[in-house]
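Visitor: Have a look; sequence and predicted model below, questions after that.
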Amino acid sequence: MRIDVLTIFPDYLTPVREALLGKAIERGRISVGVHDLRDWTHDVHRSVDDSPYGGGPGMVMKPDVWGEALDSVAADTSETPRLVVPTPAGVPFDQHTARRWAGEERLIFACGRYEGIDQRVIDDAARRMPVEEVSIGDYVLVGGEVAALTMIEAVVRLLPGVLGNPASAEQDSFSDGLLEGPSYTRPETWRGLSVPDVLRSGDHAAVRRWRRQQGLERTWLRRPELLDTLPPEELDEHDRAL
Ligand SMILES: O=C(OCc1ccccc1)c1cn[nH]c1
């Protein structure tokens, strides 16, 4: 998989080369290109934004600079990239989307700042490649870089050969639509707090049941709406009796 990130703060993406993702890059599992949007400006001030039509606060990122940058980065290879635009106004990003994107050959993340990118950039790009405007949460960041890092990590950890322990990618939260329950490790008692007996019982069926019950309880308490969208087969009659 090849990932490109367009940003006016390329240094913000340095963490992408750390640890987990760093290993994936070393192993050639993914290649990551970080590009400074200002490289596609032509004026002496290297300006990337301007005042919004219709008035209002803040600035909007210019279409011409973005258009040239996207043309250039997208053209690098024959595969058609999927363009991801992080924005508070986007479709919520979730594990389902992460799994879907893990199958892509190329992803380009367009990191907006200010009040966002001129909409025509997205409309024009959509004529040549799939485009998704995506939100990582209901809050406003200063720019899309942190959102891009978040989504890149969620996607890359799913690629075969990236995680040391692939099983954990399968059993992580949301893989069965429920939240993960609590986890414990040594020592058995710590500051007067003990590990639940069932986990030390060696009864694997009981452990499975207990973990599922804990996941259901936690989901019920913290994210009840996830129970509504659970596929019916996920909740067996035993769960319903809980
Ligand atoms: O703030 C975000 O993206 C940066 C951004 C992009 C466009 C205009 C303002 C800010 C964001 C919040 N949830 N998901 C993404």
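Guide: Good, I have the coordinates. Because the structure is a prediction, the values reported are computed rather than measured.
Visitor: quick one: furthest residue from the center of the chain?
Guide: Distance from the centre of the chain peaks at residue 192, with 38.1 Å (CA atoms, centre = their mean).
Visitor: So which bits of the chain are right by the ligand?
Guide: Residues of the chain lying near the ligand by CB under 6 Å from any ligand atom: 86-88, 112, 115-116, 135-137, 139-141, 143-144, 147. (Glycine included, C-beta is placed from N, CA and C.)
Visitor: who wins for neighbours among these?
Guide: Of the residues of the chain next to the ligand, residue 144 is surrounded by the most neighbours, 29 neighbours in total, counting by other CB atoms under 10 Å.
Visitor: I'd say that residue and residue 110 touch.
Guide: Yes. Under the criterion of CB atoms under 8 Å, residue 144 makes contact with residue 110 at 7.1 Å.
Visitor: where does the chain have its least confident helix or strand?
Guide: Across the helices and strands of the chain, mean confidence by mean pLDDT, DSSP states H and E is lowest for helix 166-171: a mean of 62.
Visitor: ok, the helix or strand following that helix: who's next to it in the sheet?
Guide: Going down the chain from helix 166-171, the next helix or strand is strand 189-190, by DSSP states H and E. Here strand 189-190 has these sheet partners by DSSP bridges: strand 193-194 (antiparallel).
Visitor: quick one: contacts of the partner strand?
Guide: residue 188 (CB atoms under 8 Å, 6 or more residues apart in numbering).
Visitor: Give me the mean pLDDT for that strand.
Guide: In this model, strand 193-194 carries a mean pLDDT of 98.
Visitor: and it, how far from the chain's centre?
Guide: Centroid separation for strand 193-194 versus its chain: 35 Å, with CA atoms, centre = their mean, to the nearest Å.
Visitor: Check stretch 136-146 too.
Guide: Per CA atoms, centre = their mean, the centroid offset for stretch 136-146 relative to its chain is 12 Å.
Visitor: what's the span of it from first residue to last?
Guide: For stretch 136-146, the first-to-last residue distance is 10 Å (CA to CA, to the nearest Å).
Visitor: Give me the residues contacting that stretch.
Guide: 5, 7-9, 12-13, 85-88, 93, 109-113, 147, 150-151.
Visitor: so which strand or helix has residue 68?
Guide: Judged by DSSP H and E, residue 68 forms part of helix 63-74.
Visitor: Please export the C-alpha coordinates of that helix as CSV.
Guide: The C-alpha coordinates for helix 63-74 follow below in CSV (Å, rounded to 0.1, in the frame of the first residue of the first chain):
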residue,chain,number,x,y,z
PRO,A,63,-8.4,25.4,-5.2
ASP,A,64,-5.6,26.1,-7.8
VAL,A,65,-2.8,25.1,-5.4
TRP,A,66,-4.6,21.9,-4.2
GLY,A,67,-5.6,21.0,-7.8
GLU,A,68,-2.0,21.0,-9.0
ALA,A,69,-0.8,19.2,-5.9
LEU,A,70,-3.4,16.4,-6.2
ASP,A,71,-2.8,16.1,-9.9
SER,A,72,0.9,15.6,-9.3
VAL,A,73,0.7,13.2,-6.4
ALA,A,74,-2.1,11.1,-7.9
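Visitor: Give me the angle between the helix or strand following it and helix 63-74.
Guide: Next in sequence after helix 63-74, counting helices and strands by DSSP H and E, comes strand 82-92. In terms of direction (axes from the mean of the first three to the mean of the last three CA atoms, to 10 degrees), strand 82-92 departs from helix 63-74 by 120 degrees.
Visitor: could you give me the average pLDDT of the following helix or strand past strand 82-92?
Guide: Downstream of strand 82-92, the first helix or strand assigned by DSSP H and E is helix 95-101. For helix 95-101, mean pLDDT rounds to 96.
Visitor: returning to what we had before: what's the overlap in contacts for residue 144 and residue 110?
Guide: 85, 86.
Visitor: Bridged to the residue nearest to residue 130 when sequence neighbours are not counted, which residues?
Guide: Closest residue to residue 130 apart from its sequence neighbours, by CB to CB, 6 or more residues apart in numbering: residue 82 at 4.8 Å. Here residue 82 sits in beta bridges with residue 107, going by DSSP bridges.
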